[in-house]
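J.: Turn this into a model:
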Amino acid sequence: MKLYIKQKVFSWVDRFTVFDETGADKYHVEGEFFSWGKKLYVTDLTGHETAFIQQKVFSMMPRFFVYIDGVERAEIVKRLTFFYEKYEIEGLDWTIEGDFWAHEYRITQNGREIVSISKEWFTWGDCYQLDIADSADETLALAVVLAIDAVHAQANAAAAST
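T.: The predicted structure follows:
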């Protein structure tokens, strides 16, 4: 199954929609404007919260927690490296590999692909395609990808300010 994330270009808060293969709305993602650390709420079309992503505020390296139905399921951590970006997913037996700068990477579990992520080029705003192998992993895979994107964005913002 495929999901598409299209982020709005000019927005004070993170607010965007996740679409399915037919172009129909599947999830809504919205961040808080005034909060300590980044927070993202993922809701289905009925408004039910399916996932919550929260930044750990006081941490040496960017770190985000992923909650599904109120239970912490994963922690996304950016590791200190000199020549490339490295992220780890703690709490799950998932590994990440690929090119984060080009937004071309995949998440696997013991060699089985969970989700592959690719950036759609020549679109207005950032648009990403998520190809999720098993529908049972859909919500968790989406939330983990959103958390990785948030860690990546925060690390880039911190590097730009130095």
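J.: Could you say which helix or strand holds the residue most central in space within the chain?
T.: Per CA atoms, centre = their mean, the C-alpha nearest to the average position across the chain is that of residue 146, at 1.2 Å. Mapping residue 146 onto the secondary structure by DSSP states H and E places it in helix 138-161.
J.: residue ranges with poor pLDDT in the chain?
T.: For the chain, the stretches flagged by pLDDT under 70 are 7-13, 34-35, 59-60, 100-102, 121-125, 154-162.
J.: And the strands in it?
T.: If DSSP state E is used as the criterion, the strands of the chain fall at 2-7, 15-19, 25-31, 39-43, 49-55, 63-68, 71-79, 86-90, 95-99, 104-109, 112-120, 127-132.
J.: so can I have CSV of those showing mean neighbour count and distance to residue 153?
T.: C-beta: built from backbone N, CA, C; applies to glycine. As requested, the strands of the chain are exported to CSV (neighbours: other CB atoms under 10 Å; distance: least, CB to CB, whole Å):
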stretch, mean neighbour count, distance to residue 153
strand 2-7, 18, 10
strand 15-19, 18, 13
strand 25-31, 17, 11
strand 39-43, 19, 11
strand 49-55, 20, 11
strand 63-68, 21, 11
strand 71-79, 17, 11
strand 86-90, 17, 13
strand 95-99, 15, 16
strand 104-109, 17, 15
strand 112-120, 17, 14
strand 127-132, 18, 13
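J.: I'd say residue 6 and residue 25 touch.
T.: No. Residue 6 lies out of contact with residue 25 (CB atoms under 8 Å); the separation is 10.7 Å.
J.: what do the two both touch?
T.: Residues touching both residue 6 and residue 25 (CB atoms under 8 Å, 6 or more residues apart in numbering) are 17, 19.
J.: With that, I have no additional questions.
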